[in-house]
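> Model the structure of this input:
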Amino acid sequence: MAQSMEQIRQKIKSVNTSYKITKAMQLVSTAKLKKVGKRIEMIKPYYSEVYYTFNQLIPKLSNSIYLKTKDQVINKTIWVVFNSNLGLCGGFNNNLNKLVLEQYKPQDEIVAIGSKGVSYFTNHHCKIMQSYTEINIQSSYNDSQEISLLLLSKFNNKETDAIKIAYTKYVNTVTTIPTIIDLLPIVSIKTNQESNLIQTDFEPDANTVINSAIPLYVGAIVYGALVESQVSEQALRRLAMENASNNAKEMKDKLLVSYNRARQGAITQEISEIIGGADAQSS
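Down below sits the predicted model:
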């Protein structure tokens with residue numbers, strides 16, 4: 001059924017309003033992405049050094065509770081899942097949460113970062129041990145310390161066998177990867193390059209050093225995941241709003257074509273009626 005000119009005009013008005021909103025949100029997300037993106041560049045040297053140091057420590061460990069053994073059985077895992085507080089960010093939350101749900105066991109618990117994670121895992125009947133809904137791009141290392149101390153307390157008191165971090169890894173402005181990493185116990189990965197590692201002596205010994213430095217390690221990984229999640233969220237929201245703006249613009253262009261056709265049809269009909277009336281009077 002052909003639409004009237006008034007109906008098309010109302011649709012154009014509605015689509016144009018949507019376009020303005022999505023375009024504004026795209027600009028806001030772009031500004032936030034630039035702001036939080038600088039933080040990754042600033043902290044990369046720090047995290048690289050932390051990871052390098054622990055790679056030196058891991059091969060030297062012996063009988064540490066923080067090192068995973070081959071025959072160790074993992075009965076209970078605490079999942080730290082980084083979600084957003086707001087929506088309209090594409091598959092940022094769903095893609096990660098589905099990945100966690102595939103590995104989640106009935107006895108596991110969730111530390112949900114972001115209100116979207118709280119809602120998702122509550123609806124899927126998962127046990128939420130703790131939730132943090134105030135985390136945003138303004139959050140600092142000190143804000144992540146509360147999470148780190150909670151995780152260390154649970155692991156040191158043997159209230160859990162393992163802790164895993166689930167976050168969205170930032171690759172570039174259009175590519176992000178849902179990622180799960182083993183936080184504790186540390187998994188020693190042997191590579192062919194292991195023999196090329198610099199031989200480091202630790203005083204008093206590697207076990208004592210790692211027991212003292214483990215809070216630094218946990219804090220670095222948690223904060224790193226927090227920052228990458230924030231960057232990924234803004235990147236995906238900017239991309240989603242850009243796609244929405246482009247779709248709205250395309251829809252508006254199509255509606256304008258339909259409107260012009262309807263308008264031309266109305267004009268043609270009026271001219272035909274005038275000509276028909278004139279012919280009737282002259283005959």
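
> measure Ala112 to Phe121 for me?
Noted for Ala112: a distance of 6 Å to Phe121, by CB to CB, to the nearest Å. For glycine as for every other residue, the C-beta is placed from the backbone atoms N, C-alpha and C.

> what's the overlap in contacts for these two?
When CB atoms under 8 Å, 6 or more residues apart in numbering defines a contact, the residues bordering Ala112 and Phe121 alike are 81, 128.

> how about the helices in the stretch 151-283 of the chain?
Ranges of helices within the stretch 151-283 of the chain are 206-282, based on DSSP state H, counting those that start in this stretch.

> which helices and strands sit right next to the helix or strand where Tyr51 lies?
Secondary structure assignment for Tyr51, by DSSP states H and E: helix 5-57. Using 3 or more CB pairs under 8 Å, 6 or more residues apart in numbering; DSSP states H and E, the elements in contact with helix 5-57 are helix 206-282.

> tell me how far the helix it packs on is from the chain's mean position?
19 Å (CA atoms, centre = their mean, to the nearest Å).

> picking that back up, what mean pLDDT does the helix holding Tyr51 have?
The average pLDDT within helix 5-57 is 83.

> Next secondary structure after that helix?
By DSSP H and E, the next helix or strand past helix 5-57 is strand 77-82.

> Return the residues in contact with Thr69.
Per CB under 8 Å, 6+ apart, neighbours of Thr69: none.

> Roughly how far does it sit from Thr53?
22 Å.

> same thing with Val231?
Taken as CB to CB, the span from Val231 to Thr53 is 24 Å.

> Same check on Ser14?
The gap separating Ser14 from Thr53 is 57 Å, by CB to CB.

> ok, now Thr268?
79 Å.

> same thing with Leu255?
Taken as CB to CB, the span from Leu255 to Thr53 is 60 Å.

> quick one, which of the two is more surrounded?
Leu255 (20 against 16; other CB atoms under 10 Å).

> Tell me which residues touch the closest residue to that one other than its chain neighbours, please.
Nearest non-adjacent residue to Leu255, counting by CB to CB, 6 or more residues apart in numbering: Ile12, 4.8 Å away. Applying CB under 8 Å, 6+ apart, one finds that Ile12 lies in contact with 252, 255-256, 259.

> Where does pLDDT dip in the protein?
The model of the chain has pLDDT under 70 over residues 1-2, 55-56, 59-60, 62, 188-202, 283.

> The same query, at a cut-off of 80, please.
Low-confidence segments of the chain (pLDDT under 80): 1-4, 37, 40-64, 69-70, 137, 187-211, 266, 269-270, 273-283.

> what about Cys87, distance to Ile65?
For residue 87 the amino acid is Gly, not Cys. 40 Å.

> Next: Gly224.
Taken as CB to CB, the span from Gly224 to Ile65 is 23 Å.

> Compare those two (neighbour count), which wins?
Gly224 (23 against 13).

> Any buried residues in stretch 215-232, and which?
217-232 (16 or more other CB atoms under 10 Å).

> hang on, I meant stretch 20-32
22-23, 25-26, 29-30, 32.

> Throw those residues into a markdown table and include distance to Gly91, thanks.
Below are the buried residues of stretch 20-32 laid out as a markdown table (distance: CB to CB, whole Å):
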| residue | distance to Gly91 |
| --- | --- |
| Thr22 | 17 |
| Lys23 | 21 |
| Met25 | 17 |
| Gln26 | 17 |
| Ser29 | 15 |
| Thr30 | 19 |
| Lys32 | 19 |
